[in-house]
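Asks: Quick check, what structure comes out for this input:
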Amino acid sequence: MSKVMVVFLMVLIGTAFLSADIYIREKEHIDAYQVGIKKTPAKEGENEIWVGKYRAVYITPGEIYIYNKKMKKVWFVNRREKTYVEADVPLDLNIVYSPETASRMKTFKVRGTAKRTDKTRTILNKKCAAYKLHYWGDAGGSKFIDSKGMLWIYEDFGPDFAVFNELMDLIRQCDNRDEAFRKEMQKANGVQMRTDITHTQQGVAIKTWSEVIELSKKDPPAGVYDVPKGYTLKEAL
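Replies: Numbering: from 1, shown residues only. Take a look at the predicted model:
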């Protein structure tokens with residue numbers, strides 16, 4: 001093979017790699033628990049994440065979250081109901097939610113802290129920093145759930161992952177009216193490689209964990225950044 005052909009092939013291979021998107025597959029687990037006489041069995045599932053230059057998607061068994069930074073749009077997709085809501089970025093929660101839900105959300109906040117520690121851990125050959133996480137639900141001043149645990153963050157991925165962190169902040173905006181805790185979570189900036197969280201409510205402790213089992217770069221499948229075909233547009237969540 002000629003040197004010219006070798007160089008040409010190397011350029012093609014290098015260009016293909018640079019154009020590939022970030023792909024992450026994570027496994028989730030929830031321990032079995034019992035509240036009163038009701039027993040809930042252990043549950044496991046997998047989530048997928050794709051991150052491109054200006055867009056990101058987070059795919060879970062029940063929901064899909066899609067963000068397109070160039071279009072300044074985010075889509076919240078309900079896979080069970082086969083419906084979705086489209087919203088402009090920055091978000092206006094008075095539009096994203098129905099008036100009734102928006103009113104209720106004003107009284108609900110998640111408060112807490114995320115503190116970086118000196119601990120480290122290697123996951124998939126990536127050195128991860130440990131963040132001690134503590135947050136709780138606040139409904140009109142009444143605490144109804146308390147969660148504590150650790151986040152293991154791979155912080156050295158670089159700017160390529162920033163668009164996914166922006167998507168996660170948009171998701172947190174919909175779940176929480178407390179801007180202070182959102183800013184706390186922005187400290188843990190990078191790939192969340194593992195979480196170990198215990199949720200306590202009414203004296204019942206529920207242990208959960210998630211861990212990344214694949215982190216790579218590859219070409220995304222067609223349509224992964226789009227709302228699935230046949231889904232119905234809703235006005236509000």
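
Asks: Can you classify the most centrally placed residue in the chain as helix, strand or coil?
Replies: Nearest to the mean C-alpha position of the chain, by Cα atoms, centre = their mean, lies Met168 at 4.9 Å. Met168 carries the three-state label helix when classified by DSSP: H, G, I helix; E, B strand; the rest coil.

Asks: show me what contacts it?
Replies: For Met168, the contact set (Cβ atoms under 8 Å, 6 or more residues apart in numbering) comprises Tyr58, Met185. Quick note: C-beta positions are derived from backbone N, CA and C, even for glycine.

Asks: For Asp62, give me the backbone phi and psi.
Replies: Rather than Asp, residue 62 is Gly. Note on Gly62: backbone dihedrals following degrees, to the nearest 10 are phi -100, psi -30.

Asks: so it touches Glu81, yeah?
Replies: No - Gly62 is beyond contact range of Glu81, at 9.6 Å (criterion: Cβ atoms under 8 Å).

Asks: returning to that earlier point: and the residue nearest to the centre of the chain, what's its pLDDT?
Replies: Per-residue confidence (pLDDT) for Met168: 93.

Asks: mind checking which helix or strand of this structure has the lowest mean pLDDT?
Replies: Least confident helix or strand, the chain: helix 3-19 with a mean of 42, by mean pLDDT, DSSP states H and E.

Asks: count of neighbours near Thr195?
Replies: By the criterion of other Cβ atoms under 10 Å, Thr195 has 18 neighbours.

Asks: Same check on Gly62?
Replies: 11.
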